[in-house]
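[1] this one's sequence-less:
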Ligand code: IPE
Ligand code: IPE
Ligand code: MG
């Protein structure tokens, strides 16, 4: 049962979201949740404590996003480059992720409350068995949910995603060519055959992990860092990039509201720019 104070906070948030919604609202926000270890270092805590605090911050931020009607949230949780960290640190991060995914699948979790559909984008072969199984279970058991979509980039880099999409497009074309050969179409429709063998941008985009998901309107990297660190490089061409100074576990409701206001200020230009680029395609 929510306490009186929680109910009051909820009402205040609703009022703020109502005022915000007079302006354009983002449909998709992506977070690079950076600064967890620095958060722990600053407080002389163990490193893992920073990542745990980061998870709590994530749950609060997701609630706020869903309350304000953001349909898609994408988070950068662990990159392929992060596997180069100390083995103990990689192991403890994997353990923490598995623990938290399992928690999310419990009946009382916010995933059930909001009917969240969970995606995990990345090279799952790089995950250890327990985490890979949890990831697969989470995707399977939420795939029919009709609420907001949470995409977790784990064992992910944009370059790996692009390489994977090219590989899948080539396989697809090869299979199609084989079929055309088998039915003898090559001789009858020579030009058609040649055209079919070209990989188009649309073919390639269909094989990106993000296929079917709109590009992010806002990409927020906490801790003041200004790098994308190989995150959604193709998808963020027209996103509003923001680098607020708080470390991820300190990123709060007021920072999120501020991010939306900044996005609303830049929105007319971004919209026009994205429209012009689509026209040229
Ligand atoms: C980001 O926080 C999360 C992961 C890469 C797992 P960091 O672990 O990079 O924390 P900082 O940036 O070193 O403080
Ligand atoms: C990338 O991790 C961001 C994530 C949250 C996964 P890092 O924090 O290690 O990135 P770099 O190496 O500092 O660019
Ligand atoms: Mg970092």
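    Done, it's in. Predicted model only: the values in this text are computed from it and were never measured. Ligands and ions are numbered 1, 2, ... in the order given.

[2] give the contact list for the residue of the stretch 151-281 of the chain found nearest ligand 2.
    Closest contact between the stretch 151-281 of the chain and ligand 2, by CB to the nearest ligand atom, is at residue 229 (3.6 Å). From N, CA and C alone the C-beta is placed, and that goes for glycine too. By CB atoms under 8 Å, 6 or more residues apart in numbering, the contact set of residue 229 is 32, 76, 79, 81.

[3] In this structure the last one contacts residue 160, no?
    No: taking CB atoms under 8 Å as the definition, residue 81 is not a contact partner of residue 160, at 10.0 Å.

[4] Between those two, tell me which one has more neighbours.
    Taking other CB atoms under 10 Å, residue 81 and residue 160 do not tie; residue 160 has more neighbours (18 against 11).

[5] element containing the more buried one?
    helix 158-182 (DSSP states H and E).

[6] The residue of the stretch 151-281 of the chain at minimum distance from ligand 1: neighbouring residues, count only.
    Closest to ligand 1 within the stretch 151-281 of the chain is residue 223: 5.8 Å, counting by CB to the nearest ligand atom. Number of residues near residue 223 (other CB under 10 Å) recorded here: 20.

[7] list the contacts for it?
    Counting by CB under 8 Å, 6+ apart, residue 223 has contacts 34, 35, 38, 245, 246, 247, 248.

[8] Next one: the nearest residue to it once chain neighbours are set aside relative to ligand 2, how far apart?
    Sequence neighbours aside, residue 35 is the residue nearest to residue 223 in space, at 3.2 Å (criterion: CB to CB, 6 or more residues apart in numbering). Remark: distance between residue 35 and ligand 2 (CB to the nearest ligand atom, to the nearest Å) = 8 Å.

[9] residue ranges with poor pLDDT in the chain?
    184-197, 278-281 (pLDDT under 70).

[10] Just to check, residue 116 is in contact with residue 149?
    Yes: counting by CB under 8 Å, residue 149 is a contact partner of residue 116 at 7.3 Å.

[11] re the thing from before, which ones are touching the residue nearest to residue 223?
    Contacts of residue 35 by CB under 8 Å, 6+ apart are 222, 223, 225, 246, 247, 248, 249, 250.

[12] let's see it at 6 Å
    222, 223, 247, 248 (CB atoms under 6 Å, 6 or more residues apart in numbering).

[13] that older thread, run through the neighbouring helices and strands of the helix holding residue 160.
    Judged by 3 or more CB pairs under 6 Å, 6 or more residues apart in numbering; DSSP states H and E, helix 158-182 is in contact with helix 201-206.

[14] mind checking the SS state of the residue positioned nearest the centre of the chain?
    For the chain, residue 74 is the residue whose C-alpha lies nearest the centre (CA atoms, centre = their mean; 2.1 Å). Taking DSSP: H, G, I helix; E, B strand; the rest coil as the rule, one finds residue 74 in the strand state.

[15] Likewise for residue 224?
    coil.

[16] How many residues are close by the residue nearest to it when sequence neighbours are not counted?
    Excluding its sequence neighbours, the residue lying closest to residue 224 (CB to CB, 6+ apart) is residue 245, at 4.3 Å. Residue 245 has 12 neighbours, counted by other CB under 10 Å.

[17] With residue 172 instead?
    14.

[18] same check, this time on the one 4 residues further on
    The burial metric for residue 176, expressed as a neighbour count using other CB under 10 Å, is 13.

[19] same thing with residue 23?
    Count around residue 23 with other CB under 10 Å applied: 12.

[20] wait, what's in contact with it?
    residue 264.

[21] Which helix or which strand is home to it?
    Going by DSSP H and E, residue 23 is not part of any helix or strand.

[22] How about residue 17?
    Using DSSP H and E, residue 17 falls within helix 4-20.

[23] How far off centre is that helix?
    26 Å (CA atoms, centre = their mean, to the nearest Å).
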